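Colleague: Using only what follows, build the 3D model:
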Amino acid sequence: MFDQASILLLASGLSSRFGVEDKLMADLNGRPVLSYPARVLGSEPGIRRFAIVGACQEARKALLEAHGFRVVTNPVPEKGQGRSLAIGMEHIRDTTNSDKVLILLGDMPFVTDALVTCLAATLARDASAVMSEANGVLSPPAMFRRSAFDRLASLEGDRGARSVFDQLPEARVVATDAVMLTDIDDRNDLQRAEERMHG
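Modeller: Got it, this is the predicted structure:
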């Protein structure tokens with residue numbers, strides 16, 4: 001299911017709601033938040049791993065490289081997630097023969113291998129793209145076929161993968177628990193995530 005696949009992990013956000021500390025490097029149960037999505041499909045052989053970080057986010061870069069990612073710099077993280085996604089997709093489109101991409105976010109620590117394997121299985125059943133869904137809300141992780149790479153590479157601002165997904169025929173969703181799609185935006189989110197891990 002992951003033959004000729006790439007992972008694109010978006011990790012160039014500015015953590016503006018978290019305060020002065022870098023939220024992706026904040027401690028969550030003894031590990032940085034970013035280390036959790038970085039380990040998704042860690043034992044899957046042959047999958048290409050790419051991550052997007054900002055120019056001055058050296059701690060994030062070092063962590064991701066230690067997990068086997070090729071890190072691509074986003075010089076304009078203030079321009080939003082859409083631009084970050086576009087930079088990554090342009091790189092994957094132009095430097096690999098990958099026929100599908102798994103999009104992950106650096107602030108989502110509860111995503112599991114089981115969920116992304118389900119996404120891949122759904123994509124394999126003639127879907128053009130697959131997104132995760134909880135309580136009616138669509139979210140990454142998501143998978144897209146190469147036919148969508150040009151559209152993903154043209155995104156700007158805060159227009160993310162959902163805006164491309166909505167334009168595609170044969171797009172599918174995989175329902176999951178809302179906790180699995182939790183993201184960390186502020187310190188209250190981090191505290192709740194810590195409580196879930198110990199609950």
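Colleague: Select the longest helix from this protein.
Modeller: helix 81-95 (DSSP state H).
Colleague: Now do the helix or strand that comes right after it: which elements does it pack against?
Modeller: For helix 81-95, the following helix or strand on the C-terminal side (DSSP states H and E) is strand 100-105. Based on contacts counted as 3 or more C-beta pairs under 8 Å, 6 or more residues apart in numbering; DSSP states H and E, the elements that strand 100-105 packs against are strand 5-10, helix 81-95, helix 113-124, strand 137-145. C-beta coordinates here come from the backbone N, C-alpha and C atoms, glycine included.
Colleague: Send me the last one as PDB with only the CA atoms.
Modeller: Presented in PDB, the C-alpha positions along strand 137-145 are these (Å, rounded to 0.1, in the frame of the first residue of the first chain):
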ATOM      1  CA  VAL A 137     -15.000  17.500  10.500                       C
ATOM      2  CA  LEU A 138     -12.400  16.600   7.900                       C
ATOM      3  CA  SER A 139      -8.700  16.800   8.800                       C
ATOM      4  CA  PRO A 140      -5.300  15.400   8.000                       C
ATOM      5  CA  PRO A 141      -3.800  12.900   8.000                       C
ATOM      6  CA  ALA A 142      -4.800  12.700   4.300                       C
ATOM      7  CA  MET A 143      -3.600  10.900   1.200                       C
ATOM      8  CA  PHE A 144      -3.600  12.100  -2.400                       C
ATOM      9  CA  ARG A 145      -2.700  10.500  -5.700                       C
END
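Colleague: hmm, who's touching it?
Modeller: The contact list for strand 137-145 (C-beta atoms under 8 Å, 6 or more residues apart in numbering) reads 40, 99-105, 108, 111, 115-116, 119-120, 123, 128-133, 152, 160-162, 164-165, 173, 181.
Colleague: ok, that strand: who's next to it in the sheet?
Modeller: Paired neighbours of strand 137-145 in the sheet (DSSP bridges): strand 100-105 (antiparallel), strand 129-134 (antiparallel).
Colleague: So which bits of it are buried?
Modeller: For strand 137-145, the neighbour count (16 or more other C-beta atoms under 10 Å) marks 138-145 as buried.
Colleague: What of the longest one?
Modeller: Applying a neighbour-count criterion of 16+ other C-beta under 10 Å, one finds 81-93 buried in helix 81-95.
Colleague: Pick out whichever of the residues you listed sits closest to residue 191.
Modeller: residue 81 (24.0 Å; C-beta to C-beta).
Colleague: Test my guess that that closest one contacts residue 10.
Modeller: Yes - when contacts are counted by C-beta atoms under 8 Å, residue 81 is listed as touching residue 10 (6.4 Å).
Colleague: Let me know the closest of the buried residues of helix 81-95 to residue 32.
Modeller: residue 84 (19.0 Å).
Colleague: Look at that closest one and report its pLDDT.
Modeller: With respect to pLDDT, residue 84 has a value of 94.
Colleague: do the one 5 residues further on as well
Modeller: Reported pLDDT at residue 89 in the predicted model: 98.
Colleague: just residue 158 next, same as before
Modeller: 80.
Colleague: which residues touch it?
Modeller: Per C-beta under 8 Å, 6+ apart, neighbours of residue 158: 80-82.
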